[in-house]
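Peer 1: pasting the sequence and the predicted coordinates here, then a few questions.
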Amino acid sequence: AQNGATVCIIEKEAEAGGNTLVSGCSFQAVLDCLVWDPKDPDATTGVYEYTGETYNKAKSDKGRLDTLRTILNWSEEPFNEKVEDPAAIKSVDDYDLPNRGVHPEYLETLRTLKQQIRAYLDWAEPKLKAGAKETDLTLFSTVELHIFQTYYGGLRLNNDKTKWIYSDYDLVHQLCTEILPTKEWLMDQGSLFQNESSTGTLIGCLWQRINRFIGGKVNGEQIDGKWGAYFAVPLNTVLSANNKNTIMYRTKATELITDGNGRVTGVKAVKYDGTEVEITATKGVILATGGYAYNREMVIETNDYWDKDDLSPDILSTNRPLAMGEGIIMAQKVGAATKGMEFTQLMPLGWVDTGHLAGGTGENVIYISPAGTPNAGKRYVDESAERDVLCQGAFDFGGEKGLFVEISNAGNRTKENNVEGRLYICTLEEAAELLKIDAETIKNTIVEYDNAVRNDTLEELAVPKSAATALIGNYNEDGSFKEDGLLAVRYLRPSTHHTMGGLVVDTSRRVLDKDGKPIEGLYAAGEVTAGFFAGNRLGGNAVAEIIVSGRIAGESVTKNN
Ligand SMILES: Cc1cc2nc3c(=O)[nH]c(=O)nc-3n(C[C@H](O)[C@H](O)[C@H](O)COP(=O)(O)OP(=O)(O)OC[C@H]3O[C@@H](n4cnc5c(N)ncnc54)[C@H](O)[C@@H]3O)c2cc1C
């Protein structure tokens, strides 16, 4: 629309938004002003050039240095795909990725990242020796780290351990470098973000890189929340650019129209009252129809990652019922190639009763196995790990269909916050009664964990943890466990969340056919596409991708015509 094209949006629901509307809308992007700057390493504040505002630098979480040291020792040999003993691989940890090497496209990024980490450690280590804590250090964060974590966070083996999948370097590089300019493009249009806090985490996001929205300004009026930031503002841009631009709600696209040369020239659709319509597209069609995580049949049919018993037909979903994969099917009918559909992301933090997203991060909680399992009352996984690792842990050490128990410090929550069957704010004794697990076992788990957080010995825990931000228990002044302190207990289990596979696209978001050639007139953006996240997506990378790709697809469709 900004390039002068006439835009017609076809939306099958009664309102815009799709899954994005129910999402946390948090996205990953490195904001340089908030993180460690090698040119001014002791700086405690930084200026965000785009706004001219000064912000305090963010501090590191406990455990981040271990991750940086692991990357520093990452083998630079070509990636070794050989799996000697498939049966010995029970989880992603058993892949031993740092010793397998790196795919050649990512080697330069790894080398640059190592140089950045070395410079950071040269600055940090004397401070640590002089008594500073890791949490006193300014946070290390670079675009190269974002690229490399997106790569290894998605580098996975299929179910029988015979095939590896990893993200397309060009797409990942473009995503991680374009996300900040894209955020600023939204800000130019009126979107508002909490820039000073864009270093938080989200479940399975691996680093402090999360950006959050505030709202948006449209014609001088402030509209709060994600609706303002992601919908009101861009919809206003589209609709005010040209009075012919329109949104056809309650209109379901059913087929792509092609001319005799295979060029996509429009869309067939059915309106809410059954009227069939054809929309002609002179410049092109952009598919932004989302993924298919609600379509359990399609997820199970394409699955080659999860064990069949774990991905059962009655698994619940965080998604809205609109995520059915119709865009993928329409594009396949005009010759589009697909990839990566064997890998569906399950969300560990699904409410036990509905499967809807319970939300949260892994750094300030522990997960324990429920009663009736051999590991009852004990931790079984690094809660700050990737989502597939957390779900696999839940299936292996949890109860029925991966049921597990999350415990955190209640903070300022009270029993008023209790939700029957889901969330309980309670003392240790009450938690023990509720969970039917011996109080001493739960207490030992909490105290052992909290001691490791206090003493910076997370890697020495029986189940090590990669990053932690909070204690779980409450303690008296003499350090003893405060029996009447409040804990928060949640019942959770994995549900289908995101489909990493889909249509094959290039860096202009042209949809490619099976020979790798662009299908004229057809573009795609968002969860309908593949190539970005391979076997597992980091939390906060999907919203980054949809806004980066949406902008690129829009530009391409006008530039290519
Ligand atoms: C509960 C939840 C929380 C999440 N939180 C986050 C988060 O905080 N950060 C993050 O990065 N990711 C998050 N994700 C993932 C992320 O939100 C999604 O991957 C992303 O929103 C997908 O955007 P999209 O534009 O591709 O698809 P959608 O937002 O789903 O939009 C697709 C649209 O296409 C329409 N459509 C589909 N088929 C047709 C058809 N045949 N005809 C017409 N219209 C059609 C749909 O109705 C829908 O409006 C979350 C996901 C969920 C479910």
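Peer 2: Ah, there it is.
Peer 1: and stretch 205-212, how far out from the chain's middle?
Peer 2: 9 Å (C-alpha atoms, centre = their mean, to the nearest Å).
Peer 1: would you map the helices across the stretch 451-561 of the chain?
Peer 2: Per DSSP state H, counting those that start in this stretch, the stretch 451-561 of the chain has helices spanning 541-559. These are given in chain order.
Peer 1: quick one, what contacts the residue in it that the ligand sits nearest to?
Peer 2: Of all residues in the stretch 451-561 of the chain, Gly526 sits closest to the ligand, at 2.4 Å by C-beta to the nearest ligand atom. (Each C-beta comes from the backbone N, C-alpha and C, glycine too.) Counting by C-beta atoms under 8 Å, 6 or more residues apart in numbering, Gly526 touches 288-290, 545-546, 549-550.
Peer 1: what's the burial count for the closest residue in space to Thr51 that isn't next to it in sequence?
Peer 2: Distances taken as C-beta to C-beta, 6 or more residues apart in numbering place Asn195 nearest to Thr51, at 6.7 Å, with adjacent residues excluded. Asn195: 19 surrounding residues under other C-beta atoms under 10 Å.
Peer 1: and Asn195, how far from the ligand?
Peer 2: Per C-beta to the nearest ligand atom, to the nearest Å, Asn195 is found 17 Å from the ligand.
Peer 1: repeat that for Val352.
Peer 2: Counting by C-beta to the nearest ligand atom - Val352 and the ligand are separated by 16 Å.
Peer 1: pLDDT wise, what is that residue at?
Peer 2: pLDDT for Val352: 97.
Peer 1: count the neighbours of it for me.
Peer 2: 21.
Peer 1: who's in contact with it?
Peer 2: 403, 421-422, 491-493.
Peer 1: if we take these, which one ends up nearest to Asn211?
Peer 2: Leu492 (25.3 Å; C-beta to C-beta).
Peer 1: hey, what's the closest one bridged with?
Peer 2: Trp351, Phe404 (DSSP bridges).
Peer 1: chain neighbours aside, what residue packs nearest to whichever residue of the stretch 351-500 of the chain sits closest to the ligand?
Peer 2: Proximity to the ligand, evaluated over the stretch 351-500 of the chain using C-beta to the nearest ligand atom, is greatest for Leu357 at 3.9 Å. Counting by C-beta to C-beta, 6+ apart, Thr318 is the residue found nearest to Leu357 once chain neighbours are left out, at 4.4 Å.
Peer 1: and that neighbour, how close does it get to Asp513?
Peer 2: Note on Thr318: its distance to Asp513, by C-beta to C-beta, to the nearest Å, is 32 Å.
Peer 1: tell me the predicted confidence for the residue of the stretch 451-561 of the chain closest to the ligand.
Peer 2: 98.
Peer 1: again with the one 10 residues further on
Peer 2: Note for Asn536: predicted pLDDT of 97.
Peer 1: so what's it up against?
Peer 2: Here Asn536 is in contact with 153-154, 156, 204, 343, 345, 386-388, 500 (criterion: C-beta under 8 Å, 6+ apart).
Peer 1: do that again at 6 Å, thanks
Peer 2: Counting by C-beta atoms under 6 Å, 6 or more residues apart in numbering, Asn536 touches 153-154, 156, 386, 388.
Peer 1: okay, now Tyr169: neighbour count?
Peer 2: Based on other C-beta under 10 Å, the number of other residues close to Tyr169 is 18.
Peer 1: is it true that it touches Glu105?
Peer 2: Yes: in this structure, Tyr169 is within contact of Glu105 by C-beta atoms under 6 Å, at 3.6 Å.
Peer 1: tell me how far the residue of the stretch 451-561 of the chain closest to the ligand lies from Asn19.
Peer 2: For Gly526, the distance to Asn19 equals 9 Å [C-beta to C-beta].
Peer 1: with Glu84 instead?
Peer 2: For Glu84 relative to Asn19 (C-beta to C-beta), the value is 40 Å.
Peer 1: how about the residues of the chain near the ligand?
Peer 2: 10-13, 17-20, 22-27, 252-253, 288-290, 318-319, 322-323, 326-327, 357, 498, 526-528, 540-543, 546 (C-beta under 6 Å from any ligand atom).
Peer 1: among those, which are in strands?
Peer 2: 10, 27, 252-253, 498 (DSSP state E).
Peer 1: check contacts around the residue in the stretch 101-250 of the chain that the ligand sits nearest to.
Peer 2: Nearest to the ligand, among the residues of the stretch 101-250 of the chain, is Leu202, at 6.1 Å (C-beta to the nearest ligand atom). Counting by C-beta under 6 Å, 6+ apart, Leu202 touches 26, 210, 361, 539-540.
Peer 1: among the residues you listed, which one sits closest to Val557?
Peer 2: Gly540 (26.8 Å).
Peer 1: per-residue pLDDT, the residue nearest to the closest one when sequence neighbours are not counted?
Peer 2: The shortest distance from Gly540 to any non-neighbouring residue, by C-beta to C-beta, 6+ apart, is to Gln28 (4.1 Å). pLDDT for Gln28: 97.
Peer 1: what pairs with Gln28 across the strands?
Peer 2: Ile210.
Peer 1: ok, it to Ala525 distance?
Peer 2: Counting by C-beta to C-beta, the gap from Gln28 to Ala525 is 17 Å.
Peer 1: quick one: which of the two has more around it?
Peer 2: Neighbours per residue (other C-beta under 10 Å) separate Gln28 from Ala525, with Gln28 holding more: 28 against 24.
Peer 1: and the one residue in the stretch 151-300 of the chain that gets nearest to the ligand, what does it touch?
Peer 2: The stretch 151-300 of the chain approaches the ligand most closely through Gly290 (2.8 Å), counting by C-beta to the nearest ligand atom. Neighbour list for Gly290: 18-19, 323, 527 [criterion: C-beta under 6 Å, 6+ apart].
Peer 1: any chance of those residues in a markdown table, with neighbour count too?
Peer 2: Shown next, in a markdown table, are the contacts of Gly290 (neighbours: other C-beta atoms under 10 Å):
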| residue | neighbour count |
| --- | --- |
| Gly18 | 22 |
| Asn19 | 21 |
| Ala323 | 25 |
| Glu527 | 32 |
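Peer 1: what is the burial count for Ala287?
Peer 2: If you look again at residue 287, you'll see it is Leu, not Ala. Using other C-beta under 10 Å, Leu287 is surrounded by 28 other residues.
Peer 1: sorry, that was for Leu34
Peer 2: Neighbours around Leu34, by other C-beta under 10 Å: 24.
Peer 1: neighbour count winner among Thr318 and Asp513?
Peer 2: Thr318 (27 against 16).
Peer 1: which phi and psi does the more buried one have?
Peer 2: phi -80, psi -10 (degrees, to the nearest 10).
Peer 1: just give the closest residue to Glu520, not the sequence neighbours.
Peer 2: Arg263 is the one closest to Glu520 (C-beta to C-beta, 6+ apart), at 3.8 Å.
Peer 1: neighbours of that neighbour, how many?
Peer 2: 15.
Peer 1: for it, report the pLDDT, please.
Peer 2: Reading off the model, Arg263 has pLDDT 97.
Peer 1: that one and Ile257, how far apart?
Peer 2: Arg263 is 10 Å from Ile257, by C-beta to C-beta.
Peer 1: what do you get for Asn159?
Peer 2: 38 Å.
Peer 1: residues of the longest helix along the chain that come out buried?
Peer 2: Determined from DSSP state H, the single longest helix within the chain is helix 104-129. For helix 104-129, the neighbour count (16 or more other C-beta atoms under 10 Å) marks 106-107, 109-110, 112-114, 116-117, 120-121, 123-124 as buried.
Peer 1: now do stretch 497-510
Peer 2: For stretch 497-510, by 16+ other C-beta under 10 Å, it's 497-507, 509-510.
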